[in-house]
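> sequence below, structure please.
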Amino acid sequence: MTFNYRCKDPIASTILNRDVYITIRLTQIYEEMLELAKLIAELKPKAVLEIGTAGGGTLFLWCRLASDDARIISVDLPGGPFGGGYPIWRGILYKYFKKPKQELHPDPSSRHSRS
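Numbers count the residues shown, from 1 in each chain. Prediction:
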């Protein structure tokens, strides 16, 4: 079983002047992530450090489940064995995952990754 979330891409939608959607997927084992998500939802952490952003599935999940005023940091080093780093447009997109009062800091090294 997989988790897929379809959301509007605000950047592409603005540029193309039409609704553009992307699908965000979790690559982890569904049952394991479900149990972790239940715990995170109960704890409502005020700080989250994610190591390994990849496609952004868990980053999206942490933003939805963390405290409304949480500080969320995502680190994904360029050239890592699992793809590592992401293009600038992804870093911009990830900032739209946060709730209004959350701070979201996608990995600054992503600016140096290959598109």
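> quick check: Val71 vs Tyr94, distance?
If you look again at residue 71, you'll see it is Arg, not Val. For Arg71, the distance to Tyr94 equals 14 Å [C-beta to C-beta, to the nearest Å]. Glycine gets a C-beta too; all of them are placed from N, C-alpha and C.
> so between the two, which is more surrounded?
Between Arg71 and Tyr94, counted using other C-beta atoms under 10 Å, the more crowded position is Tyr94 (24 against 16).
> longest helix of the chain?
In terms of residue count, the longest helix belonging to the chain (DSSP state H) is helix 30-43.
> which strands or helices does that one pack on?
Counting contacts by 3 or more C-beta pairs under 8 Å, 6 or more residues apart in numbering; DSSP states H and E, helix 30-43 is packed against helix 57-65.
> between the helix it packs on and helix 30-43, how many degrees?
For helix 57-65 against helix 30-43, the angle by axes from the mean of the first three to the mean of the last three C-alpha atoms, to 10 degrees is 30 degrees.
> and for helix 57-65, what are the contacting residues?
The contact list for helix 57-65, computed with C-beta atoms under 8 Å, 6 or more residues apart in numbering, reads 3, 5, 24-28, 33, 37, 40-41, 44, 48, 50, 53, 70, 72, 74, 94, 97-99, 102, 104, 106.
> swap the cut-off to 7 Å and go again
3, 5, 24-28, 37, 40-41, 48, 50, 53, 72, 74, 94, 97-99, 102, 104 (C-beta atoms under 7 Å, 6 or more residues apart in numbering).
> what is the mean pLDDT for the next helix or strand after that helix?
Under the assignment DSSP states H and E, the closest C-terminal helix or strand after helix 57-65 is strand 71-75. Average pLDDT, strand 71-75: 91.
> note down every partner strand of strand 71-75 and its orientation.
strand 47-51 (parallel), strand 103-106 (parallel) (DSSP bridges).
> out of those, deepest packed?
strand 103-106 (a mean of 18; mean count of other C-beta atoms under 10 Å).
> what's the spacing between the most centrally placed residue in the chain and Trp89?
When C-alpha atoms, centre = their mean is applied to the chain, the residue found nearest the centroid is Leu59 (2.9 Å). Here the criterion is C-beta to C-beta. By it, Leu59 lies 15 Å from Trp89.
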